[in-house]
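Engineer: structure, please.
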Amino acid sequence: MLLFLFAVAVLAGAMNSVAGGGSFLALPALFFAGATPIVANATSTAVLWPGSLSSLIAYRHELAATPGKWLLLLTAVSLAGGFAGAVLLVRTSDTSFMRLLPWLMLVAAVTFTFGGRLRRARPALAAASAAPPDRIMLVCVLQFVLSIYGGYFGGGMGFMMLAAFSLAGMVHIHEMNALKTLLGVAINGLALLTFVVSGTVAWRFAAVMIAGSIVGGYSGAALARTIDPRWIRVLVIVIGWTMTIYFFVR
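Structural biologist: Residues are numbered from 1 along each chain as shown. This is a model prediction of the structure:
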């Protein structure tokens, strides 16, 4: 079983580094291993967070281009929302979470499938530093809501954040990805701390899967140089919709 979880984590880490959507694999694998729903969701966060942290390091130069006031404001909003979502999760019963899970998976699958189109459809208005105050406040409100969702579940959160950033006029995709990665690390990091303190993480599964996700993240970065990421994205979409349908009919 541990070998199976390691292999799944390798694939999930590779998917996250290339196209995202690693939770579509990690969460069902933890269910299969016998983890209860809340524990599986918390453990999935623990498994995938180190890969996000390594991606943040890689994006450090692009992140420097984002105005400091944006970084501080959105990070603070993300920490607050991520903590709220994590607390909400640990206070949710397994039965209630399983009722919500198909709908959460559906939101994640729809966002992953169509999020890029939504982002591209937004007009490019200005640089982030020149965004009008009302746009900044709108993005902060959206980011807080998305952070609660991220702390609670998180699938498809990255694409939702990219769409929100485009509302403020951000136009440089690498800078947007850098900011998205920073806020994702903040949201999931505080959520993970909450899960650890509450004893919600199954470390017997998490330890081997964390190692696998690191291996997969590194391998995925190398893979991205040789394979068109669009094919990986198609694979993630197929897996995501398959898992969504499964949880609706089970």
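Engineer: G21 contacts W241, doesn't it?
Structural biologist: No - G21 is beyond contact range of W241, at 10.8 Å (criterion: C-beta atoms under 8 Å). C-betas here are computed from N, CA, C, even on glycine.
Engineer: show me which of those two is the more surrounded one.
Structural biologist: Neighbours were counted for G21 and for W241 using other C-beta atoms under 10 Å; G21 has more, 26 against 17.
Engineer: any buried residues in stretch 234-248, and which?
Structural biologist: 235-237, 239-241, 243-244, 247 (16 or more other C-beta atoms under 10 Å).
Engineer: how far off centre is that stretch?
Structural biologist: 16 Å (C-alpha atoms, centre = their mean, to the nearest Å).
Engineer: restricting to C-alpha, output it in CSV.
Structural biologist: Presented in CSV, the C-alpha positions along stretch 234-248 are these (Å, rounded to 0.1, in the frame of the first residue of the first chain):
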residue,chain,number,x,y,z
VAL,A,234,-5.9,17.0,-21.0
LEU,A,235,-4.9,14.0,-18.8
VAL,A,236,-5.7,16.0,-15.6
ILE,A,237,-9.1,17.1,-17.0
VAL,A,238,-10.0,13.5,-17.8
ILE,A,239,-8.9,12.3,-14.3
GLY,A,240,-10.7,15.2,-12.7
TRP,A,241,-14.0,14.6,-14.4
THR,A,242,-13.7,10.8,-13.9
MET,A,243,-13.2,11.3,-10.1
THR,A,244,-16.1,13.9,-10.0
ILE,A,245,-18.5,11.5,-11.7
TYR,A,246,-17.3,8.7,-9.4
PHE,A,247,-18.0,10.6,-6.2
PHE,A,248,-21.4,11.6,-7.5
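Engineer: begin at 59 from now on, thanks
Structural biologist: Right, with 59 as the first residue, what we last looked at is stretch 292-306.
Engineer: average pLDDT for the helix or strand encompassing A84?
Structural biologist: A84 is part of helix 81-91 when elements are defined by DSSP states H and E. What helix 81-91 shows for mean pLDDT is 88.
Engineer: got the buried residues for it?
Structural biologist: Buried residues in helix 81-91 (16+ other C-beta under 10 Å): 81-89, 91.
Engineer: for this structure, what are the low-confidence residue spans?
Structural biologist: 75-78, 173-193, 231, 278-288, 290-291 (pLDDT under 70).
Engineer: ok, the buried residues of stretch 292-306 vs S151, which is closest?
Structural biologist: F305 (16.9 Å; C-beta to C-beta).
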